[in-house]
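Trainee: heads up, no residue letters with this:
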């Protein structure tokens, strides 16, 4: 009884030590900011998220796609953060750190329950907690899905350990529930049934001629994996960098090399970056072949010694199998690999190496002292490297400067650093970086858009329109850009071309109020008779006003002008007067004064003309 109590207190002490260690490495993120890469669409520019938790918000999370993924629990966790903390980035980081700490503690408990080796389990959990490759998952708010799914992954392992100890329907339902929650946090967990099967082999030792029974036991879990995989594939089908964008041989080659590079980064975690450009066809044949041979040799060796060292085959196949969904065979995005993808897969390698190191020294006289010293040195070295790596995530400028320093041909880093400079008003620096990004990858849509914005601010309108039009070639249904191009063309007195852009908007989105009101104004007030169309102007202006629920006073000005162009001057005067009342109630005295002048014109039965809508003689 006393020994059992001592083991419990030892486990509690180790859990506490893990929490302290993780806090020391990642606690600095509480003073970090959001970054401009994925954080906007995941959190602070997404009104569904910033609105906090609500019944409608929860329903939206389960029925809509969020950032090209269906992960409703992750979405709700972001909503909850906004509900509790608003947009104070430090508290959002705090949630990430807490979830990661919990995942590490649960890993320790799950391994200890399965293997009975508490010290080895503690070392694996410590390496998982503070390895520099974990930084991206913990220090990046947008990667909440990693740490949240990590918690449910560990809970599934722990629930499975209890189920194996005393099988029963209720315990199995807990396993299924935890797994389902994990899939709803991040679909990468689709390989978890495979991991459980590996654990059945070692350390649970549940095969013993019962392989088919163990496989049948996983059928409900495999069914959930299948549903999640199909859903994710369909959701990401329209994502940038789809499967067909890269030839299959390039994807396979990069996958083979990435498997080895992740191992190298595990052993030597330097030059880590937020984004690694895809090598495409630039990988040398010798590198691909040598990496493939290494993977084959390790696999064969693990199979050969499986009876004497069963943890090697479990750990190795855990690593290989869990990386399959993100190794790039189905390519989404332009990254070649990503640190975050190793979050759960590398646990298999930690297990294999930890148990292997312990088994290599069974008769060594100073075995315990040597292994303890080595473990402390490894943890200290990894903690130090992780602390430094975490410091690069303090803000967008620091993060992407570092990425450019340790990678080459990184158009994503150049684009995002360009955004930083654009926000700081450093237009020349922004234009230089953004131009370099589009030169590196001509189909980089965000870089074209940001470069166009920078050029507009610089006053280089013609050059800006070139990049906007390139962007529309890449994204022909981008309504926002069509609207911007229409506005710029009008400002450049290319009225007919501007009208065409807004008509394209309505063809894509017939209820777009912005395009409706702009076209209605042109059709009602253009000095060019060939562009005027009173009835059409009335139709569009009435629709725009109806969509706005009558809350936008300038739309009353547009509708009044449309009525006047159609000869309906009494309605024009009445509408303008309603606009004056609304403008005054909103403190917009300038618009109210303008509408009063319009009324004087309508009382003389004269339609309104906008001289700024005179067509120019040249086009960009």
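Mentor: That came through, no problem. Keep in mind that what you see is a predicted model, and the values were worked out from it rather than measured.
Trainee: got any ranges where the stretch 301-450 of the chain has weak pLDDT?
Mentor: The stretch 301-450 of the chain contains residues with pLDDT under 70 at 362-365.
Trainee: against residue 203, how distant is the residue nearest the centre of the chain?
Mentor: Against the mean C-alpha coordinate of the chain, by Cα atoms, centre = their mean, the closest residue is residue 38 at 4.7 Å. Between residue 38 and residue 203 the computed distance is 37 Å (Cβ to Cβ, to the nearest Å). Bear in mind the C-beta positions are built from the backbone N, C-alpha and C, glycine included.
Trainee: could you do residue 22 as well?
Mentor: Where residue 203 is concerned, residue 22 sits at a distance of 25 Å (Cβ to Cβ).
Trainee: out of the two, which sits in the busier spot?
Mentor: residue 22 (27 against 19; other Cβ atoms under 10 Å).
Trainee: check which element follows whatever helix or strand that one lives in along the chain.
Mentor: Assigned by DSSP states H and E, residue 22 falls within helix 2-26. Scanning the chain past helix 2-26 towards its C-terminal end, the next helix or strand to appear is helix 39 (assignment: DSSP H and E).
Trainee: hang on, the earlier thing: and the helix holding residue 22, what's buried?
Mentor: Counting neighbours by 16 or more other Cβ atoms under 10 Å, one finds that the buried residues in helix 2-26 are 11, 14-15, 18-19, 21-22, 25-26.
Trainee: closest to residue 505 out of those residues?
Mentor: Comparing the buried residues of helix 2-26 against residue 505 with Cβ to Cβ places residue 26 closest, at 44.9 Å.
Trainee: my guess is the closest one contacts residue 139, does it?
Mentor: Yes - the criterion here is Cβ atoms under 8 Å, and residue 26 meets it with residue 139 at 6.7 Å.
Trainee: need the overlap of contacts for the two.
Mentor: Here residue 26 and residue 139 share the contacting residues 96, 390, scored by Cβ atoms under 8 Å, 6 or more residues apart in numbering.
Trainee: give the contact list for residue 461.
Mentor: When contacts are counted by Cβ under 8 Å, 6+ apart, residue 461 is found next to 455, 488, 491-492, 620.
Trainee: mind listing the helices in the stretch 201-350 of the chain by residue range?
Mentor: Assignment of helices within the stretch 201-350 of the chain using DSSP state H, counting those that start in this stretch yields the ranges 211-217, 219-235, 248-267, 285-304, 310-323, 347-360.
Trainee: what's in contact with the first one?
Mentor: Residues outside helix 211-217 that contact it (Cβ under 8 Å, 6+ apart): 197, 200, 206-207.
Trainee: pull out the buried members of these.
Mentor: In terms of neighbour count (16+ other Cβ under 10 Å), the buried residues within those are 197, 200, 206.
Trainee: grab the nearest non-local neighbour of residue 526.
Mentor: Of all residues not flanking residue 526 in the chain, residue 613 sits nearest, at 4.5 Å (Cβ to Cβ, 6 or more residues apart in numbering).
Trainee: state the pLDDT value of the one you found.
Mentor: Reported pLDDT at residue 613 in the predicted model: 89.
Trainee: for it, give me phi and psi.
Mentor: Here is the backbone geometry of residue 613 (degrees, to the nearest 10): phi -100, psi 20.
Trainee: separation between it and residue 535?
Mentor: Note on residue 613: its distance to residue 535, by Cβ to Cβ, is 19 Å.
Trainee: need the contact list for residue 615.
Mentor: Going by Cβ under 8 Å, 6+ apart, residue 615 touches 493-496, 528.
Trainee: any stretches of this protein with poor pLDDT?
Mentor: When the per-residue scores of the chain are filtered using pLDDT under 70, the ranges that remain are 1-4, 237-244, 362-365, 616-620.
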